[in-house]
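J.: Provided below for reference: sequence and predicted model.
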Amino acid sequence: MDEIKVFVPATVSNVACGFDIMGFPIEEPGDEMIFRKREEKEVVITHVDCNEEIPLDARKNVAGVVSRAMLEAQELPFGVEIRINKGIRPGSGIGSSGASSAGAAWAVNRLLGDVFGEKELVSFAMLGEQSISGALHADNVAPALLGGFILIPGYDPLELVRLHFPSDLYCTIFHPQVEIRTKDAREILKKEISLRDAVHQWGNVAGLVAGLMQEDYALIARSMEDVVAEPVRSLLIPSFDALKREATAAGALGCSISGSGPALFALSRGRETAEQVRSAMEKVYEDKEIGWKSYVSAIAGEGVKILS
Ligand code: ADP
């Protein structure tokens, strides 16, 4: 195989209470990426189609960072040319950099003849995330690579668990078109939390996992609460409280920040409710100058897909 074209889905990470340890992919939007082997043993990014400025330098673009690390680990058997069509706006909170990192890990592994296993791919993809945010986190790249609802119980060593989830759980994404860099959104977080908040948060994580596995919607709803990151990060999102209030009033089980924002996500039982939640959130922005994008999607069972 000399060339491969893939689709890589956007992802919701944190999922309210699971900061850095939980995430799932949605069906759209996503990035399309083409990887072609080249004889010169170098990684080059020849094209990035995106409204925002994304680096073409392979040492700065996350897809280049990941590809270079993988090829170097295999003693550079060949080089790779990468073309990226960004369907996911950078700085959105729905895993734009994570998608490019995951797509690179998956596709370069294919070109190498599937030499790396699942955890190794996630570890390589995390290098892309680290290169821009300074932190090694897998809650976007793991679900983008593996599909489904992914729990990361530990990073040292890396552990990945596919959680069962109810098939009629739907996700609404509301993305105000303001940009928040993951790096900045991490820097404003408090470095320490009280024991009281910690107990609250780990109770919610346990409740959400149990709720998903037992298909207990009331428990899912009660557990979709974040007392650590949301109180601080929500201040960066215009009308966050109104969006959350209206989403819940329209029937969402819960609503919080997707990743580090500004996108919000809500989970609902059934597509119809998720659509009503979308309309309710759109109404909040009706008279605002700020643009927005919204999506309704099932939780995607599949991660990276081959297009050709
Ligand atoms: P998101 O949460 O949407 O992924 P991030 O803030 O984590 O947003 O990532 C966006 C940053 O990563 C921007 O500074 C962007 O220039 C940089 N970046 C580097 N390569 C890529 C890429 N292939 N796709 C998206 N962003 C990239």
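T.: Cool, the structure landed.
J.: which residues does residue 105 contact?
T.: 66, 70, 116, 121-122, 124-125, 128, 141, 145 (C-beta atoms under 8 Å, 6 or more residues apart in numbering). Quick note: C-beta positions are derived from backbone N, CA and C, even for glycine.
J.: and residue 252, how far is that from residue 61?
T.: Applying C-beta to C-beta, to the nearest Å, the value for residue 252 to residue 61 is 35 Å.
J.: show me which residues of this structure sit near the ligand.
T.: 54-55, 61-63, 84, 90-93, 95-98, 100, 132-133, 181-182, 259-260 (C-beta under 6 Å from any ligand atom).
J.: let's see which of those end up in helices.
T.: 62-63, 96-98, 100, 132-133, 182 (DSSP state H).
J.: what segments of the stretch 51-200 of the chain are strands?
T.: Under the criterion DSSP state E, counting those that start in this stretch, strands of the stretch 51-200 of the chain are mapped to 79-85, 149-155, 158-163, 169-176.
J.: single out the most deeply packed of these.
T.: strand 169-176 (a mean of 25; mean count of other C-beta atoms under 10 Å).
J.: what angle sits between it and strand 149-155?
T.: With axes from the mean of the first three to the mean of the last three C-alpha atoms, to 10 degrees applied, the angle from strand 169-176 to strand 149-155 works out at 80 degrees.
J.: who does strand 169-176 pair up with?
T.: Sheet pairing of strand 169-176 (DSSP bridges) gives strand 264-269 (antiparallel), strand 292-298 (antiparallel).
J.: to residue 220, which of those lies closest?
T.: Minimum separation from residue 220 across the strands paired with strand 169-176 (C-beta to C-beta) falls at strand 264-269, 6.9 Å.
J.: moving C-terminal of that closest one, what's the next helix or strand?
T.: helix 271-284 (DSSP states H and E).
J.: output the contacting helices and strands for that next one.
T.: Helices and strands touching helix 271-284, by 3 or more C-beta pairs under 8 Å, 6 or more residues apart in numbering; DSSP states H and E, are strand 169-176, helix 240-249, strand 264-269, strand 292-298.
J.: what residues of the shortest one count as buried?
T.: Going by neighbour count (16 or more other C-beta atoms under 10 Å), the buried part of strand 264-269 is 264-269.
J.: cool, the longest one as well?
T.: When neighbours are counted by 16+ other C-beta under 10 Å, the buried residues of helix 240-249 are found to be 240, 243-244, 246-248.
J.: look up how far the ligand lies from residue 116.
T.: Note on residue 116: its distance to the ligand, by C-beta to the nearest ligand atom, to the nearest Å, is 20 Å.
J.: can you pull the contacts of that residue?
T.: Contacts here follow C-beta under 8 Å, 6+ apart; on that basis residue 116 touches 70, 105, 109, 124.
J.: report the contact partners of the first one.
T.: Taking C-beta under 8 Å, 6+ apart, we find residue 70 in contact with 104-105, 108-109, 112, 116, 124.
J.: likewise the last one?
T.: When contacts are counted by C-beta under 8 Å, 6+ apart, residue 124 touches 66, 69-70, 73, 105, 116.
J.: where does the stretch 151-300 of the chain get nearest to the ligand, residue-wise?
T.: residue 182 (3.4 Å; C-beta to the nearest ligand atom).
J.: look up the closest residue to that residue, ignoring the ones flanking it.
T.: residue 133 (4.3 Å; C-beta to C-beta, 6 or more residues apart in numbering).
J.: which ones are touching that neighbour?
T.: So residue 133 contacts 97, 182-183, 186 (C-beta under 8 Å, 6+ apart).
J.: put together JSON lines for those, with distance to residue 279 and pLDDT on each row.
T.: JSON lines is the format used below for the contacts of residue 133 (distance: C-beta to C-beta, whole Å; pLDDT from 0 to 100):
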{"residue": "97", "distance to residue 279": "30", "pLDDT": "96"}
{"residue": "182", "distance to residue 279": "29", "pLDDT": "78"}
{"residue": "183", "distance to residue 279": "33", "pLDDT": "80"}
{"residue": "186", "distance to residue 279": "32", "pLDDT": "82"}
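J.: just the buried residues of these.
T.: 97, 182, 186.
J.: closest one to residue 308 out of those, please.
T.: For the buried ones among the contacts of residue 133, the nearest to residue 308 is residue 97 (24.2 Å; C-beta to C-beta).
J.: need the pLDDT of the nearest residue to that closest one once chain neighbours are set aside.
T.: Nearest residue to residue 97, sequence neighbours excluded (C-beta to C-beta, 6+ apart): residue 62, at 4.9 Å. Residue 62 is assigned 98 on the pLDDT scale.
J.: that concludes my questions; thank you for your assistance.
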